[in-house]
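Enquirer: Below: sequence and its predicted model.
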Amino acid sequence: MPQELGAGKPARVLLVQDDPRATMMISEMLRAVWSAGLIISQAHSVADATQELLDHGATCVLLDLAGDPAPVASVQQLSGAAPHTPIIVLVERDDEDFGVEAVRSGAQDVLVKSELTAAALGRAARLAIERKRSEAALALQALHDPLTALPNRALFLDRLRVALDRSRRTGVPVVVMFLDVDGFKAINDTHGHSAGDLVLTVLAGRFGRLLRPMDTVARFGGDEFTFLFEGLESEQEAALVAQRISESARQPLAIGDSQMSIAVSIGVAIVGDPEAALEETVRRADTAMYRAKELGGARFELFGEPAIHTPVAGPDLEPALRQALDRCELRVHYQPRVSLAGHTGLVGFEALVRWDHPERGLMEPDQFMALAEDTGLIIPIGDWVLEQALDQVAQFRESRPEVTVSVNLSPRQLHDAGLLDRLTAAIRRGGHDPGVLCLEVPETAVAADPEVAARQLAALNELGIQLAIDDFGTGRASTRDLQRMPVHILKIDRTLVSRLQDGTADTDGIGAAVQLGHALGLCVVAEGVETDAQLAALRDLGCDGAQGYLFSRPMPEEGVHSLLGTR
Ligand code: C2E
Ligand code: CA
Ligand code: CA
């Protein structure tokens, strides 16, 4: 009987069934054909099964639809909850129309119960599992270039669409680069096509290593590569990146017994206008690339007028922010963090500051954090947030003793020599347990100065507080640097999470991040989780925790109290 069914880690079969006799019969059949390592769990209703799938997942679902008033809806619900798990439907009698409908709704197979044998069930389960697996592999292939394993044009455009949507909301420009290898045809003609392939794979590897996980490089076609960047701070930074890309291409490359150096032409488009369409964005970068070629190649050119400008907070904002603390205009909101390991449950909150400006209303950190950081006001503001968060979490813990609170540290706070003393004093003053506090430090701050970060984090670690690397994927911290940080949690930035769209297999960045985090012994938390599909994919990838609008938006402390039922 199928060896594969028992090989490797134990399989979890979820039986959705409320007839005890049928349950026993089917369990016996499964045990007869499964060689080892089989866990059978049972759910009495589709609702219970959905919860079970979200909590624990399954290798395969057997769904008995006897007496189900809405069979198709049930199949849809379960396949939505676990898009990567095969579902086999069991029916009373053969009905081809229903069978087709069930498969369209996400089922892998439909079996008639009265005709069921152990062998047939085992075979169906095995094929369903394999079919799902190859479906996933195909989806992955459809989005990647087979030669270089880079994302292909379709995946690039998909990511660009997501990035442009975000840019429309945040006003932060997107940078697209279009790269074409100079004289690629000559390489193919002189050295043969396999040499051409080699050049493309080597370049792909070099480009990949240059980028942050949140950036994308794709093979757009032939000898064309495209790049996507979000959050580049200035035109100069974009130019610097283009410079680095072309330098990496220029590094010597051995082909046959000759050494060559590859020159590339790059067009850079900085897209700041919210209405720019997808195709238009790529076309601008392409146009700039052609100009670079016309100018002799081996260079980069910028499309049109520069569009990156740092949004000005307004001259009146600085004195107002100075007074905001004294005037009690700052607020702290709390966003729940849940655990995905085992049962989904609340484990803590992240404290996020807001400014209730008398004229502008409630302002989010994006609108005043840079100013606070530049002026140094982040130091007193940060201290205040810490004290608030510590006091609040003590109250939350009266009803939920296990919850913790996370507070963000900006680069300037991380470098502040007085932080440790003031934090120690605050913890002592309030009589707090340091273990209830977690400090989140952005990856960019760690990467900018690993030496100082490691020293400061070690001292904070001594205090007994938890530490997290925040916004992972937005910086270029090396694995070696990360290894040196005495941290406990890795928080994956929401840019990576936002790419886990329905139906795509765009899990490259996150999969790698989860693996890296686990290899470093860290608890991996995803931020910005907005959809069920993202949640299901994160579970599949083994993510330990999550945070995002799907669970809750950040809320004022009263909101937390009503959530916890304490007031
Ligand atoms: P962060 O540390 O990455 O915080 C998470 C941000 O993501 C929060 O934005 C939160 O509201 C938002 N968010 C949470 N779930 C979702 C979701 O599902 N979808 C989307 N699109 N967004 C989600 P917020 O509150 O605007 O904070 C922005 C940043 O400001 C924070 O990013 C953090 O870096 C900084 N910040 C906030 N409060 C403080 C503070 O007290 N001190 C310091 N130093 N920085 C702070
Ligand atoms: Ca954070
Ligand atoms: Ca973030």
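Expert: Thanks, I have the structure now. Ligands and ions are numbered 1, 2, ... in the order given.

Enquirer: Show me what the helix or strand R428 falls within is packed up against.
Expert: Per DSSP states H and E, R428 falls inside helix 419-430. Applying 3 or more Cβ pairs under 8 Å, 6 or more residues apart in numbering; DSSP states H and E, one finds that helix 419-430 contacts helix 378-399, helix 450-462. All C-beta atoms are positioned from the backbone trio N, CA, C, and that covers glycine.

Enquirer: got the contact list for the shortest one?
Expert: Residues lying outside helix 450-462 but in contact with it, judged by Cβ atoms under 8 Å, 6 or more residues apart in numbering, are 414-415, 419-420, 423, 439, 441, 445-446, 467, 477, 481, 484-487.

Enquirer: Could you tell me which of the residues you listed belong to helices?
Expert: L414, H415, L419, L420, L423, A445, V446, D481, R484 (DSSP state H).

Enquirer: nearest spatial neighbour of the last one, skipping sequence neighbours?
Expert: By that I understand R484. A454 (4.8 Å; Cβ to Cβ, 6 or more residues apart in numbering).

Enquirer: Looking at this protein, which helix is longest?
Expert: Longest helix in the chain, counting by DSSP H: helix 118-142.

Enquirer: If the closest residue in space to L538 that isn't next to it in sequence is in a bridge, with which residues?
Expert: Computed as Cβ to Cβ, 6+ apart, the closest residue to L538 that is not its neighbour in sequence is A526, at 5.1 Å. Under DSSP bridges, the beta-bridge partners of A526 are I492, A546.

Enquirer: List the beta-bridge partners for the residue of the stretch 301-450 of the chain found nearest ligand 3.
Expert: Residue nearest to ligand 3 within the stretch 301-450 of the chain: P442 (7.8 Å; Cβ to the ion). For P442, the beta-bridge assignment (DSSP bridges) gives partners D470.

Enquirer: tell me, how many neighbours does it end up with?
Expert: 23 (other Cβ atoms under 10 Å).

Enquirer: isn't it right next to D471, touching?
Expert: Yes. Under the criterion of Cβ atoms under 8 Å, P442 makes contact with D471 at 4.8 Å.

Enquirer: Name the residues of the helix or strand hosting R169 that come out as buried.
Expert: Using DSSP H and E, the element containing R169 is helix 153-170. Buried residues in helix 153-170, counting neighbours by 16 or more other Cβ atoms under 10 Å, are found at R153, L155, F156, L157, D158, R159, L160, V162, A163, L164, R166, S167.

Enquirer: Let me know the average pLDDT across the longest strand that the chain contains.
Expert: Counting by DSSP state E, the longest strand found in the chain is strand 345-357. For strand 345-357, the mean per-residue pLDDT is 95.

Enquirer: now do stretch 34-42
Expert: Per-residue scores along stretch 34-42 average to 84.

Enquirer: Buried ones from the ones in helices among the contacts of helix 450-462, can you make that a ChimeraX selection?
Expert: Buried subset of those, written as a ChimeraX selection, criterion 16+ other Cβ under 10 Å:
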select :414,419,423,445,446,481,484
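
Enquirer: neighbours of the residue nearest to E364 when sequence neighbours are not counted, just the number please.
Expert: Nearest residue to E364, sequence neighbours excluded (Cβ to Cβ, 6+ apart): R354, at 6.4 Å. Counted by other Cβ under 10 Å, the residues lying close to R354 total 18.

Enquirer: Tell me what R354 is bridged to.
Expert: Applying DSSP bridges, one finds that R354 bridges with R331.

Enquirer: So it is in contact with Q367, correct?
Expert: No. With contact defined as Cβ under 8 Å, R354 does not reach Q367; the gap is 9.7 Å.

Enquirer: what about the helices in the stretch 151-300 of the chain?
Expert: Applying DSSP state H, counting those that start in this stretch to the stretch 151-300 of the chain gives helices spanning 153-170, 184-191, 193-210, 235-250, 278-294.

Enquirer: can I get those in CSV with distance to ligand 2 and mean pLDDT?
Expert: Listed next are these as CSV, based on distance: least, Cβ to the ion, whole Å; pLDDT from 0 to 100:
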stretch, distance to ligand 2, mean pLDDT
helix 153-170, 16, 92
helix 184-191, 44, 92
helix 193-210, 26, 94
helix 235-250, 23, 93
helix 278-294, 29, 93
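
Enquirer: closest one to V403 among those?
Expert: For the helices of the stretch 151-300 of the chain, proximity to V403 was assessed by Cβ to Cβ; helix 153-170 is nearest, at 30.0 Å.

Enquirer: Quick check: which of the buried residues of helix 153-170 are also close to ligand 1?
Expert: Under the cut-off given by Cβ under 6 Å from any ligand atom, ligand 1 has nothing from those close to it.

Enquirer: Which member of those is positioned nearest ligand 1?
Expert: Checking those against ligand 1 with Cβ to the nearest ligand atom, the nearest one is R166 at 7.9 Å.

Enquirer: so who does that closest one touch?
Expert: Here R166 is in contact with V172, E230, T495, S498 (Cβ under 8 Å, 6+ apart).

Enquirer: Which one of these sits in the busiest neighbourhood?
Expert: Counting neighbours by other Cβ under 10 Å, the top entry in the contacts of R166 is T495, with 23 neighbours.

Enquirer: other SSEs contacting the host helix or strand of it?
Expert: Using DSSP H and E, T495 falls within helix 494-498. Other elements packing on helix 494-498 under the criterion 3+ Cβ pairs under 8 Å, 6+ apart are helix 153-170, helix 508-519, strand 523-526.

Enquirer: quick one: the longest one to helix 118-142, angle?
Expert: What it means is helix 153-170. 70 degrees (axes from the mean of the first three to the mean of the last three Cα atoms, to 10 degrees).

Enquirer: The second one now?
Expert: Helix 508-519 runs at 110 degrees relative to helix 118-142, counting by the same axes, to 10 degrees.

Enquirer: CA-only coordinates of helix 508-519 in PDB, if you can.
Expert: Provided in PDB are the C-alpha atoms of helix 508-519 (Å, rounded to 0.1, in the frame of the first residue of the first chain):
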ATOM      1  CA  ASP A 508       9.500  33.800  -1.700                       C
ATOM      2  CA  GLY A 509      10.400  36.600   0.600                       C
ATOM      3  CA  ILE A 510       8.300  35.500   3.500                       C
ATOM      4  CA  GLY A 511       9.300  31.800   3.300                       C
ATOM      5  CA  ALA A 512      13.000  32.800   3.400                       C
ATOM      6  CA  ALA A 513      12.400  35.200   6.300                       C
ATOM      7  CA  VAL A 514      10.500  32.500   8.400                       C
ATOM      8  CA  GLN A 515      13.300  30.000   7.700                       C
ATOM      9  CA  LEU A 516      16.000  32.500   8.700                       C
ATOM     10  CA  GLY A 517      14.100  33.500  11.800                       C
ATOM     11  CA  HIS A 518      13.700  29.900  12.900                       C
ATOM     12  CA  ALA A 519      17.300  29.000  12.000                       C
END
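
Enquirer: Near ligand 2, which residues of the chain are found?
Expert: N408, E440, D470 (Cβ under 5 Å from the ion).

Enquirer: per-residue confidence for the residue lying closest to the second one once chain neighbours are set aside?
Expert: Setting aside the residues directly before and after it, E440 is nearest to D470 in space (Cβ to Cβ, 6+ apart), at 3.9 Å. Per-residue confidence (pLDDT) for D470: 97.

Enquirer: wait, doesn't D470 sit right on V446?
Expert: No. Shown here, D470 and V446 do not form a contact pair, counting by Cβ under 8 Å, at 9.2 Å.

Enquirer: State the phi and psi torsions of the spatially closest residue to V103 that is not a sequence neighbour.
Expert: Excluding the flanking residues, the one nearest V103 by Cβ to Cβ, 6+ apart is V110, at 7.1 Å. Backbone torsions for V110, taken as degrees, to the nearest 10, come to phi -130, psi 120.

Enquirer: who's V110 bridged to?
Expert: Beta-bridge partners of V110, as defined by DSSP bridges: V89.

Enquirer: Can you tell me how far it is from E96?
Expert: 9 Å (Cβ to Cβ, to the nearest Å).
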